[in-house]
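Asker: here you go, sequence then predicted model.
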Amino acid sequence: MKVARVLNIIGFLLMFLAGAMLLPLPFSFFYNAGDHVPLLISAGITLLCGLLCYRLTRFEGDLRIREGFAIVSFAWVFFSAFGALPYVLSGAIPSFTDAFFETMSGFSTTGATILSDVEALPAGIMFWRSLTHWIGGMGIIVLSLAILPFLGVGGMQLFKAEVPGPVADRLTPRIAGTAKILSGVYILFTAVETLLLMFGGMSFFDAICHSFGTLATGGYSTRAESIGAYGSAYIEYVVIFFMLIAGTNFSLHYRFLRGDFLAYFRNKEFLFFLSLVGFAFVIIGADTILHRYDSVGSGIRDTLFQVVSIITTTGYGTADYEKWSFSSQFVLFLLMFVGGCAGSTAGGMKMMRVHVLVKFMFAEITRLIHPHAVVPVRVGKQSVEREVVANVVGFFILYVMIFAGGVLLMAAMGLDMPTAFGSVAATLGNIGPGLGGVGPVDNYGGLPAFGKWVLSSLMLLGRLEIYTVIILFSPSYWKK
C-alpha cells in the first residue's frame, strides 16, 4: 500500500475540515457567544497539520482499492480527532474522550451524545456540532470529490469504499460528476427543509441545525427535548417527511427531479422500505394509539415519528418510547438493525440487504422442498448474482457477531443488559438513542471511558459498512 498517497489525500481533507471550522463563526459573532477564538485556533491547528501532511507526502499516481479503504477509514478517525478540538479548547467538553465520542457521533451521523444540557452550548460550538452531521451525512469523501476534480483519477476506489449500501450507484461516467449530483440534491433538500421549518416558527439557526440533522439522519438537536420541545404538529410532520427523504436512495431523488416521476414506484427497495414503515406503524400503533394516548391525532403523530426516526437511524424524538409496552419497544429495537435504503444517508444494515436476506430465506426453503430445482434469488424481476447474495449473508453474519461482541464488552463493564444491548445497537446502527440508560431521555455521559471508545469504534464500523474498516485488520491487506 502506498502510505504516502494515503497521507497526502488525508492532508488535503484536513485542510477542507479546517475551512469547515470557520463556518460557525458568523453565528458565534451574531449571538456574541465568545467561542470564536477556540474555533479559530482549532481551524489553525487543523490547517497546519493538514498542510504539512499534504506537502511532505506529495505523490503522483492512481489510487488502488487498498488506498481507497485506508483513506476512507483513517479520514473519519482524523476528522473526529481534529473535530474534537473546538469542544476541548472552548471548555464545552473538557475531556478528549467525551469530545472524540461526540465528534465521531456527529461525523458518523449517529447522534449519540454525552451532553445533558445541550442548550448551554455557545452558538458557534452548537452549530459546529450540527455541521459535523451534515458533512458526514453525504460523506466526507463524496463531498470532497465534488470539489476536488483531481481525485477523479482513481476516485471510484474512494466512492466504493465510502458510499453506504451494497452497491455504489454511479450516475455519470466520471465519479466527480456523480458526487456533484448527489451533493447538489443533498444541499437542495437541506435548503427546502430549512425554509419549511422557519415557516413553522423556528429561528434560522434552529431550522438549519435541524435540517442538517434530518438530511444526514443524525439527530443532533439544539434542544434537550429534541423536536418534541417545539410541540408543533407541523414541524413534526415536516421532519417526518424529510427523514423519509433522507432514508431513501438519493439517486431516486435525482431521477425524480429530472422528470422520472415513477422512479420511486419502480424501485423494489423503496417499496419494501415504505411497507416496513407501514407494518411497524400498525403493530406499534395498536398499542400506543389505542391504549396510551387520549388524542388519536397525537398517538398517530408520535408513533409515526418514532418509527420513521428509528428506521431511518435519525434518532430525533418526540416521545419517551421506553414508557410504551415491551412489544412496541421490541419492534423499535428490531428496526435499529434495518436502517434505510442503500444510497441514502441512513445507517443500519440497509433495506436492500434485508430484502435480499428475506428472498434468500424463501429461496432456500423452496430448495429444501424441491432439491433439484434452480431457484434464483430475485428482487423484483431481476435475479441477484450469487456473489452479491454471499456478500449480503456474510455482512449479516459479521454484523451480528460484532453486535454480540459489543454487547459482551459493554456488559463486562457493569452495564445492565437493556443498556448494553441498546447502546451497541444504537451506535453500530448509527441511530443515537437506544434503550435502558441510553434511552431517548438519557445520554451516554455516564458510561465508562473505555465504553465510549468501544462505542466510537462501533459508530465507525456502522458508518463505513464494516468491511471498509475490518479489511484493514487482515494480514493479506498489508502484503505486497
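Answerer: Looks like it came in fine.

Asker: hmm, residue 459 is touching residue 110, no?
Answerer: Yes. Shown here, residue 459 and residue 110 form a contact pair, counting by Cβ atoms under 8 Å, at 4.8 Å. Where you see a C-beta, it was placed from the backbone N, CA and C, and this is true even at glycine.

Asker: distance between the ends of stretch 107-116?
Answerer: 20 Å (Cα to Cα, to the nearest Å).

Asker: now it: buried residues?
Answerer: 107-115 (16 or more other Cβ atoms under 10 Å).

Asker: any idea whether residue 344 is helix, strand or coil?
Answerer: At residue 344 the chain is in coil, as set by DSSP: H, G, I helix; E, B strand; the rest coil.

Asker: quick one: the closest residue to it other than its chain neighbours and residue 204, what's the gap?
Answerer: Nearest residue to residue 344, sequence neighbours excluded (Cβ to Cβ, 6 or more residues apart in numbering): residue 247, at 5.1 Å. Going from residue 247 to residue 204 by Cβ to Cβ, to the nearest Å gives 25 Å.

Asker: please identify which of these two sits among more neighbours.
Answerer: Taking other Cβ atoms under 10 Å, residue 247 and residue 204 do not tie; residue 247 has more neighbours (27 against 13).

Asker: which residues does the more buried one contact?
Answerer: Counting by Cβ atoms under 8 Å, 6 or more residues apart in numbering, residue 247 makes contact with 217, 273, 308, 311-314, 339-341, 344-346.

Asker: need phi/psi at it.
Answerer: phi -80, psi 0 (degrees, to the nearest 10).

Asker: give me the residue at the spatial middle of the protein.
Answerer: With distances taken as Cα atoms, centre = their mean, residue 109 lies nearest the centre of the chain, 3.6 Å away.

Asker: could you grab the helix/strand/coil label for the residue nearest to that one when sequence neighbours are not counted?
Answerer: The shortest distance from residue 109 to any non-neighbouring residue, by Cβ to Cβ, 6+ apart, is to residue 218 (4.1 Å). Taking three-state DSSP as the rule, one finds residue 218 in the coil state.

Asker: residue 218: neighbour count?
Answerer: Other residues close to residue 218 by other Cβ under 10 Å number 34.

Asker: which helix or strand in this structure has the lowest average pLDDT?
Answerer: helix 155-162 (a mean of 52; mean pLDDT, DSSP states H and E).

Asker: apart from its neighbours in sequence, what residue is nearest residue 319?
Answerer: residue 302 is the one closest to residue 319 (Cβ to Cβ, 6+ apart), at 4.3 Å.

Asker: thought the one you found was touching residue 316?
Answerer: No. Applying Cβ under 8 Å as the test, residue 302 and residue 316 come out as separate, 11.8 Å apart.

Asker: separation between residue 219 and residue 230?
Answerer: Relative to residue 230, and taking Cβ to Cβ, residue 219 is found at 15 Å.

Asker: likewise residue 37?
Answerer: For residue 37, the distance to residue 230 - Cβ to Cβ - is 32 Å.

Asker: before we move on, the earlier item: give me the common contacts of residue 459 and residue 110.
Answerer: With Cβ under 8 Å, 6+ apart as the test, residue 459 and residue 110 both reach 104, 427, 430.

Asker: top of those by neighbour count?
Answerer: residue 427 (35 neighbours).

Asker: so that one touches residue 455, yeah?
Answerer: Yes. Assessed by Cβ under 8 Å, residue 427 is found in contact with residue 455 at 4.4 Å.

Asker: which neighbours do these two have in common?
Answerer: 112, 406.

Asker: pLDDT weak spots in the stretch 101-250 of the chain?
Answerer: 140-176 (pLDDT under 70).

Asker: ok, the residue nearest to residue 109 - contacts?
Answerer: By Cβ under 8 Å, 6+ apart, the neighbours of residue 218 are 106, 109-111, 130, 133-134, 136-137, 212, 314-315, 432.

Asker: do that again at 7 Å, thanks
Answerer: By Cβ atoms under 7 Å, 6 or more residues apart in numbering, the contact list for residue 218 reads 106, 109, 111, 133, 137, 314.

Asker: swap in residue 253?
Answerer: So residue 253 contacts 185, 245 (Cβ under 7 Å, 6+ apart).

Asker: element containing it?
Answerer: Residue 253 belongs to helix 250-257 when assigned by DSSP states H and E.

Asker: following the chain onward from that helix, which element is next?
Answerer: Following helix 250-257 in sequence, per DSSP H and E, is helix 268-291.

Asker: distance between the very next helix or strand once past that next one and the chain's centre?
Answerer: Next helix or strand after helix 268-291 toward the C-terminus (DSSP H and E): helix 296-311. Put simply, helix 296-311 sits 20 Å off its chain's centre (Cα atoms, centre = their mean, to the nearest Å).

Asker: ok, and what's touching the helix or strand following helix 296-311?
Answerer: For helix 296-311, the following helix or strand on the C-terminal side (DSSP H and E) is helix 326-338. Applying Cβ under 7 Å, 6+ apart, the contact partners of helix 326-338 are 276, 280, 283-284, 287-288, 306-307, 310-311, 321-322, 348-349, 351, 354, 425-426, 429, 431, 435.

Asker: show me how to select, in PyMOL, the buried members of those residues.
Answerer: A single PyMOL command selects the buried members of the contacts of helix 326-338 (16+ other Cβ under 10 Å):
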select buried, resi 276+280+284+287+288+306+307+310+311+321+322+348+349+351+354+425+426+429+431+435
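
Asker: how about CSV for the shared contacts of residue 459 and residue 110, with secondary structure and distance to residue 463 added?
Answerer: Output for the shared contacts of residue 459 and residue 110, formatted as CSV (DSSP: H, G, I helix; E, B strand; the rest coil; distance: Cβ to Cβ, whole Å):
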residue, secondary structure, distance to residue 463
104, helix, 9
427, helix, 10
430, coil, 6
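
Asker: want to throw those residues into JSON lines with distance to residue 79?
Answerer: Listed next are the shared contacts of residue 459 and residue 110 as JSON lines, based on distance: Cβ to Cβ, whole Å:
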{"residue": "104", "distance to residue 79": "9"}
{"residue": "427", "distance to residue 79": "17"}
{"residue": "430", "distance to residue 79": "15"}
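
Asker: nearest to residue 364, of those?
Answerer: residue 430 (29.7 Å; Cβ to Cβ).

Asker: wait, that closest one sits on residue 350?
Answerer: No. The pair residue 430 / residue 350 is not scored as a contact, 11.3 Å apart, by Cβ atoms under 7 Å.
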